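[1] sharing a sequence plus its predicted fold:
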Amino acid sequence: MAEQHDENAHEHEGHEHEEPTGPVEVIGAEPDLSKGTARPITVVGNPVLHRECRQVTEFDEQLSALIDDMFQSMYAAEGVGLAANQIGVDAKVFVYDCPDDRNVRHIGHVINPVLEELPVDRRTLDDGNEGCLSVPTAYAELARPEYAAVTGQDKDGNEIRVEGTGFFARCLQHETDHLNGYLYIDRLSKRDRKDALRQMAEGTPKYATVPND
C-alpha cells in the first residue's frame with residue numbers, strides 16, 4: 001500500500017498527512033535491515049496479482065527470508081504495506097509499517113490473514129484516498145470501514161490477531177485483499193478505475209517495477 005500524500009501537493013491527490021505533535025508510540029519491532037534484498041514490484045496486469053495466493057504451511061528459514069525481502073522492498077518503494085504477490089511470490093504473507101489515526105506506528109507481518117467480520121457498531125466507513133505500489137502514481141477515493149482486525153499467524157506459526165483504526169485499518173484491508181487476488185482499483189467504479197489507470201500511465205514510479213510482457 002502506498003503512503004498517504006498531502007492533498008495540496010501538486011503531484012498527488014490525497015489526504016493531508018499531519019506530523020505528530022509529540023513522540024510516536026510504536027507497536028511491534030522494527031525489522032533487521034541488515035537482512036534481505038529489495039525486489040522490484042509487480043504491477044496491475046501481472047497474473048500473480050489477480051488470483052488468490054496459496055496458504056502458507058511451512059514456517060521455516062525460507063519464510064523468514066521472504067519477510068526480510070518484503071520489508072526491504074516495501075521501504076525501497078516508500079510504502080506502508082506490501083503483500084508477497086507484489087514481489088511475485090504466491091504466498092499469503094504481508095508486512096506493514098503504518099500509522100493509525102492516533103499517530104501510533106504499527107510494524108509487523110501477518111501470514112494467512114483473515115479479516116474478521118465487523119460488529120454493527122464498528123462498520124462506520126472512511127472515505128479516504130488510497131494508493132497502491134502495484135498501481136504506481138495513482139490514487140482514488142475508496143470507502144472502507146475505519147476499523148479492521150485480522151487473524152493469522154506469525155513467521156513461527158503462532159496465532160496472532162492485529163487490529164487497527166484509520167489509515168492502518170485501511171492498510172490491513174488493502175493487503176488482505178491483495179492476497180485474495182484483488183487490487184483496490186477492483187473495488188472502484190468503472191469510471192474511477194479508468195481514471196486510476198490513466199494516472200498510472202501518465203506517471204513514472206520512483207521504484208523498480210516488473211514489466212508486464
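    Received the coordinates, thanks.
[2] for this protein, longest helix please?
    Looking across the chain with DSSP state H, the single longest helix is helix 61-76.
[3] same for it, what does it pack against?
    In terms of contacts (3 or more CB pairs under 8 Å, 6 or more residues apart in numbering; DSSP states H and E), helix 61-76 is packed against strand 81-83, strand 93-99, strand 105-115. Bear in mind the C-beta positions are built from the backbone N, C-alpha and C, glycine included.
[4] separation between the residue nearest to residue 63 when sequence neighbours are not counted and residue 111?
    Once flanking residues are discounted, residue 63 sits nearest to residue 155: 5.6 Å by CB to CB, 6 or more residues apart in numbering. To residue 111, residue 155 is 7 Å away according to CB to CB, to the nearest Å.
[5] what is in contact with those two at once?
    Contact criterion CB atoms under 8 Å, 6 or more residues apart in numbering; residues shared by residue 155 and residue 111: 59, 63.
[6] between those two, point out the one with more neighbours.
    Between residue 155 and residue 111, counted using other CB atoms under 10 Å, the more crowded position is residue 111 (24 against 19).
[7] for that one, which non-adjacent residue is closest in space?
    With sequence-adjacent residues excluded and distances taken as CB to CB, 6+ apart, residue 111 is closest to residue 153, at 4.5 Å.
[8] quick revisit: looking at the helices and strands packed on helix 61-76, which is closest to residue 56?
    Taking CB to CB, strand 105-115 is the member of the helices and strands packed on helix 61-76 nearest to residue 56, at 5.0 Å.
[9] quick one: buried residues of the helix or strand that comes right after that closest one?
    Note on strand 105-115: by DSSP states H and E, the next helix or strand toward the C-terminus is strand 125-132. The neighbour-count check on strand 125-132 (16 or more other CB atoms under 10 Å) flags 126, 128-132 as buried.
[10] flag the shaky bits of the chain, pLDDT-wise.
    Residue ranges of the chain with pLDDT under 70: 5-23.
[11] show me where it has its helices.
    Under DSSP H, the chain gives helices at 61-76, 166-179, 190-202.
[12] ranking these by burial, who's on top?
    Highest mean neighbour count of the helices of the chain: helix 166-179, a mean of 24 (counted as mean count of other CB atoms under 10 Å).
[13] quick one: that one to strand 105-115, angle?
    Relative orientation of helix 166-179 versus strand 105-115 (axes from the mean of the first three to the mean of the last three CA atoms, to 10 degrees): 40 degrees.
[14] now for helix 166-179, which elements pack on it?
    With contacts taken as 3+ CB pairs under 8 Å, 6+ apart, helix 166-179 sits against strand 81-83, strand 93-99, strand 105-115, strand 125-132, strand 135-145, strand 147-153, strand 159-165.
[15] residues of the fifth one that come out buried?
    This means strand 135-145. 135-140, 142, 144-145.
[16] can I get those in TSV with distance to residue 80?
    Formatted as TSV, the buried residues of strand 135-145 follow (distance: CB to CB, whole Å):
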residue	distance to residue 80
135	15
136	14
137	16
138	16
139	14
140	17
142	15
144	15
145	18
